[in-house]
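A.B. asks: what would the 3D arrangement of this be:
(3 chains)
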Amino acid sequence: MSAKKIKISVKVNGIQHTAEVEARLLLVHYLRDVLDLTGTHVGCDTTQCGACTIMLNGEAVKSCTVLAVQADGGEVMTVEGIGSMEQLHPIQEGFWEKHGLQCGFCTSGVMMATMGLLQENPEPTEQEIREGLKGVICRCTGYQYIVGAIQDAAQRMSEAKRGEEIETLHAGGGK
Amino acid sequence: MKIEYEYTFDMPREVVWNVIQDEDALRASLPGCKAFEHGEDDVYHAEMGVSIGPVKGIFTGKVQQINQEEPTYYRLLVRGKGKPGEIDAVADMKLNQAEQGTKLICSADVQVTGVLASVGQRIMNGAAKVVLGQFFKAMDKEMKQRQTQC
Amino acid sequence: MASMIGMRVKRKEDPKLITGNGNFTDDIKLPGMLYAAFLRSTHAHARIKRIDVSQAVELPGVVAVYTGEDLTGKIKSVPTSWYVPGCNLKAKDRSPLAVDKVLYVGEGVAMVVAEDRYTAYDALNAIEVEYEELKAVTGQEAALKDGAPLVHEDVKNNLAFLWKAGDVPDEAFTNAEVVVRERYYEQRVVPNPMETRAAVAQYNSGSGDMTVWCTSQNPHIHRMVYAEVLGIPESKLRIIAPDVGGGFGAKIGVYADEAVVAYAARHLKRPVKWMEDRKEHFMATNHARDEVIEVELAGKRDGTMTALRVRNTANMGAYLSTMGAGVPTICFGLMVTGAYAIPQAAVEVYGVYTNTTPTDAYRGAGKPESAYQIERAVDAFAREIGMDPVEIRRKNFVPKEKFPYDTAMAVTYDSGDYMLTLDKALEIADYEELRREQEALRKQGRYLGIGLSTYVELCGLGPSKVAGAIGLQFGQWENATVRVHPSGKVTVLTGASPHGQGEDTTFAQVVADKFGVPLEDIEVLHGDTQMIPMGWGTYGSRTTPVGGAAVAIAAERVTEKAKKIAAHELEVSTEDLEFSDGIFQVKGVPGHQRTFQEIARSANMAWNLPEGMEPALEAQSFFDPSNFVYPFGAHICVVEVDSNTGQIELKRYIAVDDVGRVINPMIAEGQVHGGLAQGIGQALWEGAVYEENGQLISGTFMDYTMPKADFFPVLETAFTETPSPVNPLGAKGVGETGATASPPAVVNAVLDALRPFGITHLDMPLTPEKVWRAMQKGRKEA
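C.D. replies: Next comes the predicted model:
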């Protein structure tokens, strides 16, 4: 309680936040307990389960293994920031459409891990998806429909991208 | 858990025996040793920082050497307690004459509790060997220093 | 409108979960809330000589520290809830925090309450406990021996109970043409839902109302037991299971921890939250299985099986947990004959106390163990007489025309067609081709194995009078309320408490199907004892066959009332009306009709109701089924074993399940997948290991292998539908099929692969090292 506090400034889901935190405060607890962004969950204490996965400076990381102070000056995206019911992210659509979740506890982390996975490999094979999910544990689904959800999301994203490209092409005209 | 370890000193058995029984040498050689004080009889009160994989902590406890048969054998009792759990070890230390000096054979039975057991156990054997290696190497150095001083 | 039953509709529960708007217990934050953390025993068996909390209470931010002594006389011990009769059961209540002695690593010793999480953990480190170590015993067979350390001093030989059922004369074995004797160790596993246990308690010191949000599969059971433990009447104790992150049996149990959290909230007059960390979960939340099973199976050379005798020595841990004693006895024992018409069977079960975490239900609860022993023994029998594992099963199946079938263990299988699922599985697998491939590969020194499991399980708990007869201290009926609002929108309340199984959707499908209203117009609510009249929760694959059936009955009652109102308004008799797609239509008079929504408004306004009819449009059902339901199926596993490394490659897994009528195939498939992952996980990777002195050495996800995505091939699933006659939906329950069927399918496949090495037995988990060693030994002996 009396420990020295450190001032940090982090952009979370597009909003700049500043806070004074203990040096030992984990990023996941900063998000959950300080910012009340409870969509990110804690499922273990040894960095195995990935329920706490978020995007930090554009990379998928486990927020239980990052200190809040390490995120100082950085940009965080959590499940709350990727889409809304009005405009779901293709990954969210994929998980809903293909039954990629049951209890939903690991889901935020799995979707954020998917974000990282598809960023690196936009058209993964089934095997690449399974290997790309090494950092997360789901106890409900047996992963089959998570894999299906990610395939679905990848397709939606590549279709959207192609759509954008065509649009740019048309807009750019003679370039 | 059983831990076996061997170390060969290129020194005669009597020299090894004397150094290994010496309080100052022990204090200097024990890895992470923060305190090592002589208590009643042959009991020492020790405080050591221990780090086994993800488990770190300061252990306080008693170290005792019994059943000494100079210069061939003694039994080492270690009982320590720290936040990560408790350690209770009994080690038989044999000093055999070897071709190139003295071979010290340590065979220990170690019981641990707490996080040390649930998290550290799998890597404890390896970690213990590292710690013992550091200890004997430091002892070796101590012996050599004393040798040159003589 | 097409029937909603059997439709693959997207889940209603998902939008909140995929947008991070779920509400799990640890997400709850109340003004002035404090955080609790437990200090847990580091010894398996020890006397507590002294607990010094003086340094901990001094820490800034620490509000209170409680020890077992502080709670003595303040709250009561937590009892078991399954007093299996006729087995001399010696139950021991669990004190909220240990007093005098600790009996397993992880038992609560003290609880700290502080202003924040981190301070609470700091304070744990500042508590000094002096223990006097006692000899511990962890294995059930060792614990039974004379002279073994006693877990409870007055329980001789640590024998918590000895349960016997059925009787088979010795001659059935001595005179038999063939007898196989096998011994299996069903290892200890940890259910490990991804959300650990958690609780938030809030007390109103003015009204005396206590609200506890907790990770429960059955909030009414928690309310019933905690009311006793805390001394708060049920009318003032509200248990809420908000979103719950999986349970798998681990959250059926009524633990002491949540009661201590509630006590602190009352004592401190401030809300208190606690969430287990994963290390803590491994020690403090129920484990499962850990049974030594000995089987004797007698029969004839022609493959007919004639008698079965089973002995189960079950490790109960240090206490009998909530349903602990029922798992290896009733749930296991009554199902030992499996899908086979074995005329004589007997079971004896030794329930043994040890210095380990208590064991209780885990997905399947007793049925996976039962399926495991019979499916492996049947394979052993086939091997003994040189018969194909498919043929021996066909020969001994309970035939389709014999249902309802009374088994040798005196239960009545409701309906079944075992040949149907087997044939379908063989067809999907192309069994004949697989056998040819196996033969060809063996010649190349490659080892393919094909394993079968044709299981049947007891689900849908169940008739309450049976629950009473078998000593379960709960009812096993289920409640549903179907409430139609003036707008025609519908609220469904269920006493089941789903936590990932998707009944917000499937129950809505049942209602939408009855009323012809859109799925979006229906909300299914559960998990709050103040909102739901009564209920018994979600476990034992009972939610749909019992809870769903109650919903269907209540909905039918609503329809009947609505029909009367429509008939009254249209001035015809109810017989003149037909109801479909949400419209009450006078037969043969087009346009003469009322919509369901119009009737909802009429019923609620009550301006013009039939004479004597009460207003509103709502009905309840308290459905108590006449029997259990018995899902069944045939699973085929194909593996290849690397003869150099012992590594097992899962090549294919085929699951054909018959769970009666399927309401939403997508959700049902998801249930099968999840069960398979857990069952295959037990067969190949998972295992809780205790060191001799009682330390749990597989106590983190670093040491306990949780199945991951790349461990599995694509699982091939299919359903056949043989409706159950015991509920109006014809449903049988799907949650536990995968976990029940798969362990023997996998092990049988591996043993089939290893046949050339003369290996006939291996215990789970089949780690590469274990397999490799067995092959080395086999090679030497060959």
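A.B. asks: chain center to the longest helix seen in chain B, what's the gap?
C.D. replies: For chain B, the helix with the greatest residue count under DSSP state H is helix B:121-149. Centre-to-centre, helix B:121-149 and its host chain are 8 Å apart (C-alpha atoms, centre = their mean, to the nearest Å).
A.B. asks: try stretch C:640-660
C.D. replies: 24 Å.
A.B. asks: list the buried residues in it.
C.D. replies: C:640-641, C:643, C:646, C:648, C:650, C:652-660 (16 or more other C-beta atoms under 10 Å in any protein chain shown). All C-beta spots, glycine's among them, are computed from the backbone N, C-alpha and C.
A.B. asks: go on, stretch C:9-27?
C.D. replies: Those would be C:9-14, C:17-22, C:24-27, for stretch C:9-27 by 16+ other C-beta under 10 Å.
A.B. asks: list, out of those residues, those positioned next to chain A.
C.D. replies: C:10-11, C:13-14, C:17-22, C:24, C:26-27 (C-beta under 8 Å from any C-beta of the partner chain).
A.B. asks: pretty sure residue C:417 sits against residue C:720.
C.D. replies: Yes - counting by C-beta atoms under 8 Å, residue C:720 is a contact partner of residue C:417 at 7.2 Å.
A.B. asks: what is in contact with these two at once?
C.D. replies: Common contact partners of residue C:417 and residue C:720 (C-beta atoms under 8 Å, 6 or more residues apart in numbering or on different chains): residue C:658.
A.B. asks: would you mind listing what in the stretch 251-400 of chain C touches chain B?
C.D. replies: When proximity is defined as C-beta under 8 Å from any C-beta, the stretch 251-400 of chain C approaches chain B at C:279, C:282-283.
A.B. asks: show me which of the buried residues of stretch C:9-27 is closest to chain B.
C.D. replies: Comparing the buried residues of stretch C:9-27 against chain B with C-beta to the nearest C-beta places residue C:26 closest, at 22.1 Å.
A.B. asks: residue A:42 is in contact with the closest one, correct?
C.D. replies: Yes - with contact defined as C-beta under 8 Å, residue C:26 reaches residue A:42; the gap is 7.3 Å.
A.B. asks: need the residues touching each of these two.
C.D. replies: Common neighbours of residue C:26 and residue A:42, using C-beta under 8 Å, 6+ apart, are A:32, C:275.
A.B. asks: all helices of chain A, in order?
C.D. replies: A:27-29, A:79-82, A:90-97, A:107-120, A:126-132, A:144-172.
A.B. asks: show me the residue at the heart of chain C, geometrically.
C.D. replies: Residue closest to the average C-alpha location in chain C (C-alpha atoms, centre = their mean): residue C:363, at 3.6 Å.
A.B. asks: tell me the pLDDT at residue B:100?
C.D. replies: pLDDT, residue B:100: 83.
A.B. asks: what's the neighbour count on the nearest residue to it once chain neighbours are set aside?
C.D. replies: Spatial nearest neighbour of residue B:100, chain neighbours left out: residue B:10 (5.3 Å); criterion: C-beta to C-beta, 6 or more residues apart in numbering or on different chains. Residue B:10: 13 surrounding residues under other C-beta atoms under 10 Å in any protein chain shown.
A.B. asks: could you check how far residue B:10 is from chain C?
C.D. replies: Per C-beta to the nearest C-beta, to the nearest Å, residue B:10 is found 38 Å from chain C.
A.B. asks: check the gap between that residue and residue B:30 for me.
C.D. replies: From residue B:10 over to residue B:30 the distance is 22 Å, taken as C-beta to C-beta, to the nearest Å.
A.B. asks: can you check residue C:749 too?
C.D. replies: The spacing between residue C:749 and residue B:30, counted by C-beta to C-beta, is 53 Å.
A.B. asks: any weak-confidence spans in chain A?
C.D. replies: Within chain A, the segments meeting pLDDT under 70 span A:1-2, A:172-175.
A.B. asks: who touches the residue in it that chain B sits nearest to in this structure?
C.D. replies: Going by C-beta to the nearest C-beta, chain B is nearest to residue A:46 of chain A, at 7.4 Å. Residues counted as contacts of residue A:46 (C-beta under 8 Å, 6+ apart) are B:54, B:119, C:278-279, C:700-702.
A.B. asks: give me that answer again for 7 Å
C.D. replies: Shown in contact with residue A:46 (C-beta atoms under 7 Å, 6 or more residues apart in numbering or on different chains): C:278, C:700-702.
A.B. asks: repeat for residue C:717
C.D. replies: C:655, C:669, C:672.
A.B. asks: out of the residues you listed, which touch chain B?
C.D. replies: Here nothing survives when the contacts of residue C:717 are matched to chain B using C-beta under 7 Å from any C-beta of the partner chain.
A.B. asks: can the residues you listed go into JSON lines with extra columns for pLDDT?
C.D. replies: Below are the contacts of residue C:717 laid out as JSON lines (pLDDT from 0 to 100):
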{"residue": "C:655", "pLDDT": "98"}
{"residue": "C:669", "pLDDT": "98"}
{"residue": "C:672", "pLDDT": "98"}
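A.B. asks: in helices only, show me these.
C.D. replies: Filtering the contacts of residue C:717 for helices - DSSP H - leaves C:669, C:672.
A.B. asks: out of the helices and strands in chain B, which is least certain?
C.D. replies: Sorting the helices and strands of chain B by mean pLDDT, DSSP states H and E puts helix B:115-118 at the bottom, at a mean of 80.
A.B. asks: if we can go back for a sec, how about the residues of the stretch 251-400 of chain C next to chain B in CSV, adding neighbour count, pLDDT and secondary structure?
C.D. replies: Shown next, in CSV, are these (neighbours: other C-beta atoms under 10 Å in any protein chain shown; pLDDT from 0 to 100; DSSP: H, G, I helix; E, B strand; the rest coil):
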residue, neighbour count, pLDDT, secondary structure
C:279, 21, 94, helix
C:282, 26, 97, helix
C:283, 23, 96, helix
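A.B. asks: which one of the residues you listed is nearest residue C:736?
C.D. replies: For these, the residue nearest residue C:736 by C-beta to C-beta is residue C:282; the value is 22.8 Å.
A.B. asks: residues contacting that closest one?
C.D. replies: Residues near residue C:282 by C-beta under 7 Å, 6+ apart: C:190, C:696, C:699-700.
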